[in-house]
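Novice: Need coordinates for the following:
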Amino acid sequence: MFDYIVIGAGSAGCAVAGRLSEDPNKKVLLLEAGPKDSNPMIHMPGGCAEVLKSKTLNWQFYSEPQKHLNNRRIYVPRGRMLGGSSGANGMVYIRGHASDYDDWAAAGNSGWAFKDVLPYFKAMEDNVRGANDFHGAGGPLYVNDAQTPNILFDKFIEAGAEIGIPPTDDFNGAQQEGLGRFQCTIKDGKRCSSAVAFLRPALGRPNLTVITGAHVKRVVLKGDTVTGVEYLRGKSVQTADLNNNGEVILSAGAIQNPQILQLSGIGHPDDLAAVGIKSEIALPGVGHNLQEHLDVVMHFAVTQPITMNGITNSMLAQMKVALQYLFSKTGVAAGNGIEAGGFCRSDKSLTRPDIQFHFVPAYMTSLIEKLPKQHGVTVHACKLRPDSKGTVTLRSDNPLDAPKIDFNFLEQESDLVTLRKCFSILRELMAAKSWGGLIGDEITPGKQVQSADDIDNAIRNITDSVYHPTSTCKMGNGEDAVVNHQLKVHKVQGLRVADVSIMPNLIGGNTNVPAMMIGWKCAEMIKQGQ
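Specialist: Okay, the predicted model is just below:
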């Protein structure tokens with residue numbers, strides 16, 4: 001019997017469980033489908049690709065064929081371990097634009113304006129730069145400056161200034177717009193995941209139970225009240241029960257939260273009927289409103305052997321990198337490889353950036369394939385607040401079957417319009433004189449792509465997601481809302497959702513740290529009796 005059962009030990013779930021277990025009088029259970037985070041590649045920042053290759057540590061979902069992307073299926077990696085996706089991501093520390101949260105509050109979600117959430121961001125944070133109006137020190141989440149001295153990062157920032165995108169020193173400060181070095185969640189050359197930051201300090205508490213290898217089947221309902229959680233452990237079906245007035249907090253992410261709710265009979269009746277599940281609680285918004293950043297991804301040759309392509313194709317170079325990391329926790333393996341990027345407005349009349357860049361000093365064809373021998377760089381640009389929205393629905397009533405993920409990318413013409421601007425800005429950026437001859441030919445899609453039709457077709461072929469799925473359990477009060485401003489599921493007693501799935505709209509930036517903040521704030525509301 002538990003006072004709180006947290007489903008999912010990811011970016012948000014570890015924060016929820018860690019904070020709730022601070023009260024020694026409350027019994028907390030944390031359920032995670034994946035294993036412990038004991039694999040050393042999880043903790044080496046440069047080991048991200050190896051983690052993503054693992055079916056044990058990564059759910060490795062794929063979308064349904066995307067109608068407007070020439071029917072391509074889009075890769076959907078999701079962390080499957082203590083730490084969740086914070087154990088497999090790029091560790092970029094971005095909160096989003098302040099106005100994103102103000103928009104949530106303006107839509108009727110009291111307590112979620114930027115002035116309301118900033119104290120939680122600061123309380124979580126231990127920033128290497130110390131505390132100020134925007135940052136905190138002494139919290140459990142370590143935030144570091146970029147460490148790798150690759151000249152290509154600096155040239156990228158200089159190229160931005162040349163084409164009118166100014167440099168910025170802090171994307172989470174007073175001014176988000178500009179290009180610069182990202183801060184990252186890395187401490188002493190090791191990944192600071194949510195498991196490291198929030199869960200590890202709590203593991204010795206006798207009132208916290210953590211069960212790995214626990215694949216949740218459903219939340220157990222008695223009428224409109226949740227009484228526990230049913231989960232698979234190996235071939236065994238087990239049940240964890242709640243004490244009176246206990247709560248289940250669902251933190252399994254934007255893909256698996258709706259899956260679990262639907263398997264429990266909570267969702268759109270038509271979605272449930274399609275797979276033969278009886279509707280217990282009609283909530284039409286469950287699994288709808290799916291939003292994701294869609295990236296234009298381009299590759300350019302580099303004329304000098306100064307990229308990461310030279311490492312993976314040389315056994316000697318790999319040994320040098322490994323030894324440097326082993327003995328000093330420094331070098332390429334101690335960095336996230338995505339140390340530069342930024343934000344800009346596609347139109348100067350806009351009041352906030354609508355495009356984000358990520359810059360990688362390597363020619364990468366995918367996250368999980370070996371780097372090509374050719375030296376090059378990979379540049380990304382995405383629309384931050386897409387208008388196209390998709391769904392997550394059940395493939396069957398079997399909890400072990402992957403859900404159907406349909407992002408519905410580019411269904412709205414307005415998204416394509418912005419991605420055309422992303423394409424144009426990337427070409428202008430990479431053609432800047434500031435590169436000093438370091439950038440060679442455009443590898444993909446190639447300089448032969450010039451006409452409007454060819455550019456549109458290239459966009460449909462070269463785009464990829466940024467792995468930021470959100471909003472499938474929308475916070476709000478309308479017919480399509482799933483939770484209220486206290487993250488309580490509408491029409492259900494004893495059930496909350498706490499992670500990026502509650503975002504009414506996708507924020508303008510990376511989603512890992514906002515997920516942690518949502519988990520932290522959820523725990524705080526529960527502790528205060530809200």
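
Novice: can you tell me the distance between the two ends of stretch 90-103?
Specialist: 27 Å (Cα to Cα, to the nearest Å).

Novice: In that stretch, which of the residues would be classed as buried?
Specialist: In terms of neighbour count (16 or more other Cβ atoms under 10 Å), stretch 90-103 has its buried residues at 90-103. From N, CA and C alone the C-beta is placed, and that goes for glycine too.

Novice: Residues contacting that stretch, please?
Specialist: Contact partners of stretch 90-103, identified using Cβ atoms under 8 Å, 6 or more residues apart in numbering, comprise 45, 48, 112-114, 116-117, 121, 143, 171-172, 176, 182-186, 191-192, 336-338, 341, 351-353, 358, 384, 504-505, 507-510, 512-514, 517.

Novice: With adjacent residues omitted, what lies nearest to Ala159?
Specialist: Spatial nearest neighbour of Ala159, excluding adjacent residues (Cβ to Cβ, 6 or more residues apart in numbering): Ala432 at 3.7 Å.

Novice: check contacts around that neighbour.
Specialist: 158-159, 162-163.

Novice: Which pLDDT value goes with it?
Specialist: Note for Ala432: predicted pLDDT of 98.

Novice: quick one: it and Val449, what's the gap?
Specialist: In this view, Ala432 and Val449 are 20 Å apart by Cβ to Cβ, to the nearest Å.

Novice: For the helix or strand containing Met41, output the C-alpha coordinates as PDB.
Specialist: Following DSSP states H and E, one finds Met41 within helix 40-43. What follows is helix 40-43 as a C-alpha-only set of coordinates in PDB (Å, rounded to 0.1, in the frame of the first residue of the first chain):
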ATOM      1  CA  PRO A  40      28.500   3.300 -18.300                       C
ATOM      2  CA  MET A  41      27.600   4.700 -21.800                       C
ATOM      3  CA  ILE A  42      24.600   6.400 -20.200                       C
ATOM      4  CA  HIS A  43      26.900   8.600 -18.000                       C
END
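
Novice: And the next helix or strand along the chain from that helix, how far out from the chain middle?
Specialist: Next in sequence after helix 40-43, counting helices and strands by DSSP H and E, comes helix 48-53. Centroid displacement of helix 48-53 relative to its chain, using Cα atoms, centre = their mean, to the nearest Å, is 15 Å.

Novice: Ok, stretch 191-207 next?
Specialist: With Cα atoms, centre = their mean, you get 20 Å for stretch 191-207.

Novice: Near the nearest residue to Gly267 once chain neighbours are set aside, how many residues? Count them for me, please.
Specialist: Leaving aside its sequence neighbours, Gly267 sits nearest to Val286 (Cβ to Cβ, 6+ apart; 3.8 Å). Here the number of neighbours of Val286 (other Cβ atoms under 10 Å) works out to 32.

Novice: element containing Val286?
Specialist: Using DSSP H and E, no helix or strand contains Val286.

Novice: and it, how far is that from Asn505?
Specialist: Counting by Cβ to Cβ, the gap from Val286 to Asn505 is 17 Å.

Novice: picking that back up, in helices only, show me the contacts of Ala432.
Specialist: Judged by DSSP state H, the subset of the contacts of Ala432 located in helices is 158-159, 162.

Novice: Drop anything exposed from those residues.
Specialist: 158-159.

Novice: Can I get the ones in helices among the contacts of Ala432 in TSV including distance to Met475 and pLDDT?
Specialist: Formatted as TSV, the ones in helices among the contacts of Ala432 follow (distance: Cβ to Cβ, whole Å; pLDDT from 0 to 100):
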residue	distance to Met475	pLDDT
Glu158	41	98
Ala159	39	98
Glu162	41	98
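
Novice: closest to Asp415 among the ones in helices among the contacts of Ala432?
Specialist: The nearest member of the ones in helices among the contacts of Ala432 to Asp415, counting by Cβ to Cβ, is Ala159 at 25.7 Å.

Novice: which non-adjacent residue is nearest Cys422?
Specialist: Using Cβ to Cβ, 6+ apart, the closest residue to Cys422 is Ala381 (3.7 Å).

Novice: Okay, and the one you found sits in which element?
Specialist: Going by DSSP H and E, Ala381 is in strand 376-383.

Novice: hey, C-alpha coordinates of that strand in CSV?
Specialist: In CSV, the C-alpha atoms belonging to strand 376-383 read as follows (Å, rounded to 0.1, in the frame of the first residue of the first chain):
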residue,chain,number,x,y,z
GLY,A,376,31.5,17.9,-42.5
VAL,A,377,29.0,19.6,-40.3
THR,A,378,25.3,19.0,-39.6
VAL,A,379,23.0,22.0,-39.2
HIS,A,380,19.4,21.9,-37.9
ALA,A,381,16.7,24.5,-38.0
CYS,A,382,13.1,23.9,-36.8
LYS,A,383,9.9,25.8,-36.4
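
Novice: Check which helices and strands that strand is in contact with.
Specialist: strand 294-302, strand 355-360, helix 413-430, strand 439-444 (3 or more Cβ pairs under 8 Å, 6 or more residues apart in numbering; DSSP states H and E).
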